[in-house]
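Student: Next come a sequence and a model predicted from it.
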Amino acid sequence: MKTLLSIICLLLALSSCQNAERNDKPTITVTIEPLRYFTETIAGDKFKVVSMVPEGSSPETYDPTPQQMVSLSKSTAYLRIGYIGFEQSWIDKLQENFPKLQFYDTSAGVNLIHQQCSHSHGKETVENHAHGVEPHIWNSTENAKIIANNIYNALEELDAKNSEYYKNNLDSLTQIIENTDETIKSIIADADKTFLIYHPALTYFARDYGLEQISIEEGGKEPSPVHLQSLIKLCKEKNAKVIFVQQEFDMRNAETIAKELGVEVVPVNPLNYNWTEEMVNTAKALRTKEDTAKE
């Protein structure tokens with residue numbers, strides 16, 4: 001840690017010697033790409049928005065680079081998504097090292113789900129404080145509207161003179177979110193209601209639409225052979241036909257289950273900047289060939 005701080009201090013010193021362009025827009029830093037999408041849509045051309053966790057990296061385990069720490073020192077504000085692993089590990093350190101930086105929690109007001117051991121059932125919320133909060137709040141149209149409003153409130157506080165501009169952009173984003181919600185509802189009306197996923201990132205998505213998510217991970221770890229067999233049995237009982245796998249996870253266990261069940265493995269990227277596209281594609285993946293044939 002001392003070495004990292006030394007590097008950061010050196011980079012800060014070098015950076016301060018450079019002449020910054022006075023016309024540069026102020027910067028807002030966010031944790032993940034979907035939050036960058038929401039923030040950029042509302043901020044428009046008034047702020048530059050950057051993500052701490054780059055595309056293709058896991059926000060559960062990511063450590064910022066020294067250069068990112070230097071860039072953060074120049075930011076006007078930091079918008080966190082709420083409870084993701086990166087934030088649990090780093091937010092206190094960031095606040096300590098950058099006391100003048102304003103921090104905002106965009107999860108404020110979200111109806112949180114507390115993590116559970118295996119799978120989530122439709123509208124049920126299982127509270128298990130020992131396991132903490134289920135952090136993937138952005139994979140929900142209901143939550144997305146709350147996040148958007150929190151972003152607007154932050155921008156209004158940071159730049160009150162452009163409040164009306166941000167409000168108009170918020171209204172546009174809210175309409176996009178509502179249209180996305182209606183599209184998803186129409187897609188999954190006759191789709192499969194149970195799905196598997198390697199890492200349980202679609203818990204709020206499942207709650208929104210009365211779906212059942214079954215996680216291949218066992219307590220955040222690789223599944224044991226016994227757990228794999230129990231999953232296969234459960235999926236046969238539930239008639240699950242889709243297994244979602246995120247790009248940052250090993251596909252071998254998912255492929256083992258898929259081969260046993262004769263179902264499809266579908267790549268999914270809940271960290272996609274293109275939030276609307278990802279949400280709709282996730283819903284479409286639940287419509288198997290059998291579902292399409294019924295139309």
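Tutor: Thanks, I have it.
Student: What segments of the stretch 51-200 of the chain are strands?
Tutor: 77-80, 102-105, 119-121, 194-197 (DSSP state E, counting those that start in this stretch).
Student: quick one, which of those strands is nearest to P64?
Tutor: strand 77-80 (11.5 Å; CB to CB). For glycine as for every other residue, the C-beta is placed from the backbone atoms N, C-alpha and C.
Student: What strands line up against that closest one, and which way round?
Tutor: Strand 77-80 has its sheet partners listed here by DSSP bridges as strand 27-30 (parallel), strand 102-105 (parallel).
Student: Residues touching the first one, excluding its own?
Tutor: It refers to strand 27-30. With contact meaning CB atoms under 8 Å, 6 or more residues apart in numbering, strand 27-30 is reached by 36, 39, 43, 47-52, 71-72, 74-81, 158.
Student: so where's the chain uncertain?
Tutor: 1-23, 116-131, 288-295 (pLDDT under 70).
Student: In it, spot the helix with the most residues.
Tutor: helix 163-188 (DSSP state H).
Student: Show me which parts of it are buried, residue by residue.
Tutor: For helix 163-188, burial by neighbour count (16 or more other CB atoms under 10 Å) applies to 165-166, 169-170, 173-174, 176-177, 180-181, 183-184, 187-188.
Student: mind giving me a markdown table with those and columns for distance to N150?
Tutor: Shown next, in a markdown table, are the buried residues of helix 163-188 (distance: CB to CB, whole Å):
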| residue | distance to N150 |
| --- | --- |
| Y165 | 17 |
| Y166 | 12 |
| N169 | 14 |
| L170 | 10 |
| L173 | 12 |
| T174 | 13 |
| I176 | 17 |
| I177 | 13 |
| T180 | 18 |
| D181 | 18 |
| T183 | 24 |
| I184 | 22 |
| I187 | 28 |
| I188 | 27 |
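Student: now, among those residues, which is nearest to P135?
Tutor: P135 has its nearest neighbour among the buried residues of helix 163-188 in I177, at 19.6 Å by CB to CB.
Student: Would you map the helices across the stretch 101-250 of the chain?
Tutor: Per DSSP state H, counting those that start in this stretch, the stretch 101-250 of the chain carries helices over the ranges 141-158, 163-188, 203-209, 225-238.
Student: Reformat those helices as JSON lines; add distance to N97.
Tutor: What follows is the helices of the stretch 101-250 of the chain, written out as JSON lines (distance: least, CB to CB, whole Å):
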{"stretch": "helix 141-158", "distance to N97": "20"}
{"stretch": "helix 163-188", "distance to N97": "29"}
{"stretch": "helix 203-209", "distance to N97": "31"}
{"stretch": "helix 225-238", "distance to N97": "41"}
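Student: so which of those helices gets nearest N281?
Tutor: Distance to N281, taken as CB to CB, is lowest for helix 163-188 among the helices of the stretch 101-250 of the chain, at 9.8 Å.
Student: tell me what that closest one is packed against?
Tutor: Here helix 163-188 touches helix 33-43, helix 141-158, helix 203-209, helix 275-285, going by 3 or more CB pairs under 8 Å, 6 or more residues apart in numbering; DSSP states H and E.
Student: can you list the ones you listed in TSV and add distance to G56 and mean neighbour count?
Tutor: As requested, the helices and strands packed on helix 163-188 are exported to TSV (distance: least, CB to CB, whole Å; neighbours: other CB atoms under 10 Å):
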stretch	distance to G56	mean neighbour count
helix 33-43	10	24
helix 141-158	22	21
helix 203-209	21	24
helix 275-285	14	19
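Student: To what extent is K233 buried, counted in neighbours?
Tutor: Using other CB atoms under 10 Å, K233 has 11 neighbouring residues.
Student: That one and Y104, how far apart?
Tutor: Distance of K233 to Y104, computed by CB to CB, to the nearest Å: 45 Å.
Student: nearest residue to N149 other than its sequence neighbours?
Tutor: Excluding its sequence neighbours, the residue lying closest to N149 (CB to CB, 6 or more residues apart in numbering) is L170, at 7.0 Å.
Student: separation between that neighbour and A43?
Tutor: For L170, the distance to A43 equals 10 Å [CB to CB].
Student: can you list residues touching both of those two?
Tutor: With CB under 8 Å, 6+ apart, L170 and A43 have common neighbours I151.
Student: With distance to K145 as extra columns, can I get the strands of the stretch 51-200 of the chain in TSV?
Tutor: Output for these, formatted as TSV (distance: least, CB to CB, whole Å):
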stretch	distance to K145
strand 77-80	16
strand 102-105	16
strand 119-121	21
strand 194-197	24
